[in-house]
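1. Could you look at this predicted model? Sequence included:
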Amino acid sequence: RQRAPRAQRARATQGGRGRGEEAHWRRGGSGAGNASGGVTLAARGGAAFASSPLQMASSFIPVPAGSDFPLGNLPLGAVVRGAGGRPSLAVALGDSVVDLKALHVAGLLSLGGPVGDGACFTHPTANAFLDLGPDAWALTRAALTRLLTASEGVLRDKGGVRDAAILGASTVSNVLPMAVGDYTDFYCSRVHAQTCGELFRDPEAALNPNWSRLPVGYGGRASSVAVSGTPIARPHGQMAPAEPGGTPRFGPTAKLDFELEFAAVVGGPPNARGAPVPVDAAAARVYGYVLMNDWSARDVQAWESVPLGPFVGKSFATTVSPWIVAAAALAPHAAPAPPQDPAPLAYLDERARTLPDVALTAEVVPAGRGARAATTVTLSNVRHLYWTFPQMLAHHTVGGCVLRAGDLVGSGTVSAPGARGAGCLLEATADGARPLALRGGGSRTWLLDGDEVVLRGRCAAREGVEGLGFGCARGVVVARASARERALQ
């Protein structure tokens, strides 16, 4: 079998894991090591891995150059084979997916220690695995990396298991990888908050006094979270009267918008009710991250938001990318978070504030025009957020709230400085006052039926660190079916 050049294998080794994960591998994981410092993976029939430390090179599964999903990524998702099939947990690798249930059936994920017999990999969602916590995540990540490495033959040379477990990504469908129990959306981009404040309030007082003191957030609607590719039905709602004092209007929103966001997927056992998660321990409650589009009906939102905030205008659809990129995979891409002034209160005073250096884009593909007509609306980066995810979780729980595996925590719109940094059409068009020119002609102030929005995220490669990505989060706007049409479906 052809192998990558030695230099390329060395770069993959350096970029595929952070220092913490490498140390975890060298000491044999948690509870599943042996005297020589390696991880033993029991397999049916007594087969086991050699206990020498991992020397990661390339995978025996082809990975195209520049793929979002190299061996150092292995994002977690759930896929379905054929129509009406039961979802299986999987990781993405290049243009393939690796079915974790198939590996479990073959005895390759009975890791012991915090993972036990690996029964969590037979579930249709990742919640049971997420609930196990960081030691189990690290042990599983190290085991999967080793199984898929070109130099390791346990899976590579086991034809029946290999064929059952390794599938072409185009042969399966993605479904939501976790059951979302609770969904919270924050408002953590200073650029976004400042711009919105200037649009609707006195520019000299664009930020409310509390904004720089705490991560502002609201409770979203978990039942409306959907995986990438789910059509977005144009919502109906109540809007402001055409004339002051008149009767409110009702109907489909005329100001449908996207929001470019980044979201954490919570894991680990739940904290006790009334027991806040300390800010310096909160990172351990984040399994990984997804791209997120919190679709918004701006006219509905504007009329309903005073005094309690958005409701119908934000509860109809939230799109997430299908693959959860582990925090461990993003560790080599950490960047310093922006300085905070004034200094946060003690419960938010994080000792080492970092954010993933993930470049974000948002594209609008006009109805009927095809991907070549896509207009890039937004160029941003997660590192522009003012508040970090540990700070969000610490504030979320300071009153005693319980975090549970599968909870989704959004950053809010991630806008960046500059002309192309607007993370939504509300900003890009100044609430519809400045139409956005489209590639190939035409313009948009708000989304029309048939328009598609595509969000992407990517960590750039640099010396000693491989690049990786998130795939995309996409959705096409469709007209909502009438009651009669729904009855006939």
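-> Thanks, I have the structure now. Predicted model only: the values in this text are computed from it and were never measured.

2. Would you mind confirming that Thr145 makes contact with Asn73?
-> No: using Cβ atoms under 8 Å as the test, Thr145 is too far from Asn73 to be in contact (10.1 Å). Heads up, the C-betas are built off the backbone N, CA and C, glycines and all.

3. Of those two, which one has the most company?
-> With neighbours defined as other Cβ atoms under 10 Å, Thr145 and Asn73 compare such that Asn73 has more, 26 against 21.

4. Any idea how many residues pack against the closest residue to that one other than its chain neighbours?
-> Distance criterion Cβ to Cβ, 6 or more residues apart in numbering; nearest residue to Asn73, sequence neighbours excluded, is Leu468 at 4.2 Å. Neighbours of Leu468 under the rule other Cβ under 10 Å: 27.

5. can you give me the helices for the stretch 1-150 of the chain?
-> Taking DSSP state H, counting those that start in this stretch as the criterion, the stretch 1-150 of the chain carries its helices at 6-15, 19-26, 100-105, 127-131, 134-147.

6. So what touches the fourth one?
-> When you say that, I think you mean helix 127-131. Contacting residues not belonging to helix 127-131 are listed as 76, 89, 119-121, 123, 136-137, 140, 178-179, 265-269, 287, 405-406 [Cβ atoms under 8 Å, 6 or more residues apart in numbering].

7. could you flag which of those are buried?
-> Using 16 or more other Cβ atoms under 10 Å as the burial test, the contacts of helix 127-131 include 76, 89, 120-121, 123, 136-137, 140, 178-179, 265-268, 287, 405-406 as buried.

8. hey, least reliable of the helices of the stretch 1-150 of the chain by pLDDT?
-> Here the lowest mean pLDDT among the helices of the stretch 1-150 of the chain goes to helix 19-26, at a mean of 30.

9. Which strand or helix spans Ala473?
-> Element membership for Ala473 (DSSP states H and E) is strand 468-478.

10. what's across from the residue nearest in space to the middle of the chain in the sheet?
-> By Cα atoms, centre = their mean, the chain has its centre lying nearest to Val290, at 0.4 Å. Judged by DSSP bridges, the bridge partners of Val290 are Ala263.

11. low-confidence ranges in this structure?
-> Applying pLDDT under 70 to the chain flags residues 1-57, 482-489.

12. Please enumerate the strands of the stretch 251-400 of the chain.
-> Applying DSSP state E, counting those that start in this stretch to the stretch 251-400 of the chain gives strands spanning 256-257, 260-266, 286-294, 296-297, 318-320, 325-326, 334-336, 354-356, 359-365, 375-381.

13. and those strands as JSON lines, adding distance to Phe186?
-> Shown next, in JSON lines, are the strands of the stretch 251-400 of the chain (distance: least, Cβ to Cβ, whole Å):
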{"stretch": "strand 256-257", "distance to Phe186": "18"}
{"stretch": "strand 260-266", "distance to Phe186": "9"}
{"stretch": "strand 286-294", "distance to Phe186": "11"}
{"stretch": "strand 296-297", "distance to Phe186": "15"}
{"stretch": "strand 318-320", "distance to Phe186": "13"}
{"stretch": "strand 325-326", "distance to Phe186": "19"}
{"stretch": "strand 334-336", "distance to Phe186": "19"}
{"stretch": "strand 354-356", "distance to Phe186": "13"}
{"stretch": "strand 359-365", "distance to Phe186": "16"}
{"stretch": "strand 375-381", "distance to Phe186": "16"}
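
14. can you tell which of those is closest to Ser173?
-> The closest of the strands of the stretch 251-400 of the chain to Ser173 is strand 318-320. By Cβ to Cβ, the value is 15.2 Å.

15. hmm, back to that, report all helices and strands that the strand holding Ala473 contacts.
-> Contact here means 3 or more Cβ pairs under 8 Å, 6 or more residues apart in numbering; DSSP states H and E; on that basis strand 468-478 packs against strand 232-233, strand 286-294, strand 318-320, strand 452-459.

16. How about it, which residues are buried there?
-> Going by 16+ other Cβ under 10 Å, strand 468-478 has these buried residues: Leu468, Gly469, Phe470, Gly471, Cys472, Ala473, Arg474, Gly475, Val476, Val477.

17. what residues are up against Tyr386?
-> Residues counted as contacts of Tyr386 (Cβ under 8 Å, 6+ apart) are Cys188, Ser189, Arg190, Ser212, Ala337, Pro338, Gln340.

18. Run the angle between the strand holding Ala473 and strand 359-365 for me.
-> For strand 468-478 against strand 359-365, the angle between stretch directions is 30 degrees (axes from the mean of the first three to the mean of the last three Cα atoms, to 10 degrees).

19. partners of strand 468-478, with directions?
-> Strand pairing for strand 468-478, using DSSP bridges, gives strand 232-233 (parallel), strand 452-459 (antiparallel).

20. which of these sits most buried?
-> Comparing the strands paired with strand 468-478 by mean neighbour count (mean count of other Cβ atoms under 10 Å), strand 452-459 comes out on top with a mean of 24.

21. hmm, who's touching that strand?
-> By Cβ under 8 Å, 6+ apart, the residues outside strand 452-459 that reach it are 68, 258, 260, 262, 291-293, 319, 321, 330, 333, 356-365, 367, 374, 382, 447, 467-477.

22. Quick check: buried residues in stretch 110-127?
-> Across stretch 110-127, burial judged by 16+ other Cβ under 10 Å covers 110-115, 118, 120-127.

23. and the end-to-end length of that stretch?
-> Counting by Cα to Cα, to the nearest Å, you get 18 Å between the two ends of stretch 110-127.

24. Stretch 436-453 now?
-> Start and end residues of stretch 436-453 are separated by 14 Å (Cα to Cα).

25. can you give me the offset of that stretch from its chain's centre?
-> Distance of stretch 436-453 from the chain centroid (Cα atoms, centre = their mean, to the nearest Å) equals 25 Å.

26. just checking, what packs against the strand or helix carrying Val161?
-> Val161 is located in helix 159-165, with elements delineated by DSSP H and E. Applying 3+ Cβ pairs under 8 Å, 6+ apart, we find helix 159-165 packed against strand 96-99, helix 100-105, helix 153-156.

27. a markdown table for these, including mean neighbour count?
-> Converted to a markdown table, the helices and strands packed on helix 159-165 look like this (neighbours: other Cβ atoms under 10 Å):
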| stretch | mean neighbour count |
| --- | --- |
| strand 96-99 | 23 |
| helix 100-105 | 22 |
| helix 153-156 | 18 |
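
28. Distance to Arg420 for the ones you listed - can I get that in CSV?
-> What follows is these, written out as CSV (distance: least, Cβ to Cβ, whole Å):
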stretch, distance to Arg420
strand 96-99, 33
helix 100-105, 39
helix 153-156, 44
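
29. Run a quick neighbour tally on Pro209.
-> The burial count for Pro209: 7, using other Cβ under 10 Å.

30. cool, Glu198 as well?
-> Glu198: 16 surrounding residues under other Cβ under 10 Å.

31. can you start the count at 26 instead of 1 from here on
-> OK, 26 is where the count begins now, so the last one is Glu223.

32. hang on, it in a helix?
-> Yes: assessed by DSSP: H, G, I helix; E, B strand; the rest coil, Glu223 belongs to a helix.

33. is it true that it touches Ala231?
-> Yes: contact criterion Cβ under 8 Å: Glu223 and Ala231 qualify, at 4.7 Å.

34. All the helices of the stretch 376-514 of the chain, residue numbers only.
-> 414-422, 450-453, 508-513.

35. who's in contact with the second one?
-> Residues outside helix 450-453 that contact it (Cβ under 8 Å, 6+ apart) are 217, 220-221, 224, 282-283, 321, 323, 402-403, 438, 440, 447, 459, 461, 469-472.

36. chain center to it: distance?
-> Centroid separation between helix 450-453 and its chain, computed with Cα atoms, centre = their mean, is 22 Å.
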